[in-house]
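[1] Build me a model:
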Amino acid sequence: MKKKINNFSLSHQKYVKKLKKDKFLVIFFRIFILVAFLGLWELLTHFKILDPFFVSSPSRIIAQLGELISAGTLFHHARVTLYETLIGFLIATVLGYLIAVGLWWNEKVRKIFEPYIVVLNSLPKIALGPVIILWVGSGTNAIVLMCVLICIVITTMSMLSAFIAVDEGKILLLKSMHANKFQILWKLVLPATMPDFISVLKINVGMSWVGSIMGEYLTSRAGLGYLIVYGGQIFKIDLVMSATFVLCILAFAMYYLVSLLERRYKK
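    Numbers count the residues shown, from 1 in each chain. I've put the predicted structure just below:
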């Protein structure tokens with residue numbers, strides 16, 4: 001008996017070591033690929049194999065970021081875009097989730113509106129840009145609305161599919177115990193679809209940044225999208241790449257927060 005316990009303990013230790021080793025290798029190669037890419041990029045531009053006027057370089061991006069920080073403009077533009085993205089992300093996620101609950105709740109309403117939701121999802125949102133500006137004016141309101149329109153349909157469709165996919169047998173079991181619609185929703189459907197909700201959050205992180213940047217392309221006087229457009233207009237690729245770099249950092253930070261929520265849920 002003791003021998004079996006010892007063998008199990010050794011096997012468990014080996015398994016834990018293997019998990020730690022795999023995790024270390026994943027982190028190592030992530031960092032290695034990034035460093036190698038940046039190093040190769042810098043070398044190619046340094047020896048003029050690639051023209052830095054068209055592709056910039058890591059050293060030029062760092063210098064440009066230093067100029068923006070010393071001028072006090074970088075944090076202002078980043079704060080504007082972050083605010084627009086977070087507001088659009090929250091509104092789209094909450095409204096999309098509630099709409100999905102409503103459509104799950106009433107099957108007839110779902111059958112009526114489902115084709116319209118599919119059409120809205122396939123519609124290129126950038127085409128609505130002029131209409132959005134006419135509706136809410138230019139500036140932050142238009143950018144947030146663009147962000148919401150991009151994320152809300154995805155949230156609704158994804159969560160509705162998750163709600164419908166919940167095990168019908170479990171629903172019938174609760175009904176046989178005289179559970180009402182709200183109890184089925186609260187006790188079964190919502191907990192069962194939490195992994196899908198977290199996946200939607202991850203998708204919305206990326207889509208909300210896309211929406212805010214698209215909105216800033218259309219109408220803005222500040223923000224990272226504004227810097228990208230302005231840098232393109234004056235053919236200053238260093239400014240474009242610097243703004244894109246900051247955008248990637250903020251998007252990664254937002255995604256990391258969602259990942260922390262996922263880890264906490266799995267525990």
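[2] buried ones in stretch 122-138?
    Neighbour-count burial for stretch 122-138 flags Lys125, Gly129, Ile132, Ile133 (criterion: 16 or more other Cβ atoms under 10 Å). From N, CA and C alone the C-beta is placed, and that goes for glycine too.
[3] give the contact list for the spatially most central residue of the chain.
    In the chain, the residue lying closest to the centroid (Cα atoms, centre = their mean) is Val205, at 1.7 Å. For Val205, the contacting residues are Phe89, Ala251, Met254, Tyr255, Val258, by Cβ atoms under 8 Å, 6 or more residues apart in numbering.
[4] number of nearby residues for Thr193?
    24 (other Cβ atoms under 10 Å).
[5] Show only the entries of the buried residues of stretch 122-138 found in helices.
    Here DSSP state H is the test, and these give Gly129, Ile132, Ile133 as lying in helices.
[6] Return the closest of these with respect to Ile171.
    Ile132 (39.8 Å; Cβ to Cβ).
[7] can you pull the contacts of that closest one?
    By Cβ under 8 Å, 6+ apart, the contact list for Ile132 reads Ala142, Leu145, Met146, Leu149, Leu218.
[8] Tell me the one of the residues you listed nearest Leu43?
    Closest to Leu43, out of all of these and judged by Cβ to Cβ, is Leu218, at 37.8 Å.
[9] and the spatially closest residue to the closest one that is not a sequence neighbour, how far is that from Leu98?
    Spatial nearest neighbour of Leu218, excluding adjacent residues (Cβ to Cβ, 6 or more residues apart in numbering): Gly129 at 4.4 Å. Counting by Cβ to Cβ, to the nearest Å, the gap from Gly129 to Leu98 is 26 Å.
[10] what's next to whichever strand or helix holds Tyr230, contact-wise?
    Assigned by DSSP states H and E, Tyr230 falls within helix 224-233. When contacts are defined by Cβ under 8 Å, 6+ apart, helix 224-233 is touched by residues 77-78, 80-81, 212-217, 220, 237-240, 242-244, 246-247.
[11] how does the protein divide up, domain by domain?
    Following automatic domain parsing, the chain resolves into domains at 2-50, 60-266.
[12] Quick check: which of the ones you listed is buried the most?
    Per residue and on average, the most neighbours among the domains of the chain fall to domain 60-266, with a mean of 17 (mean count of other Cβ atoms under 10 Å).
[13] to the chain's geometric centre, what's the distance from it?
    Chain-centre distance of domain 60-266: 7 Å, with Cα atoms, centre = their mean, to the nearest Å.
[14] tell me the mean pLDDT for it?
    Mean per-residue pLDDT for domain 60-266: 89.
[15] now for it, what's the gap between its first and last residues?
    Across domain 60-266, the terminal residues are separated by 42 Å (Cα to Cα, to the nearest Å).
[16] before we move on, back to that, restricted to helices, list the contacts of Ile132.
    Those of the contacts of Ile132 mapping onto helices are Ala142, Leu145, Met146, Leu149, Leu218, per DSSP H.
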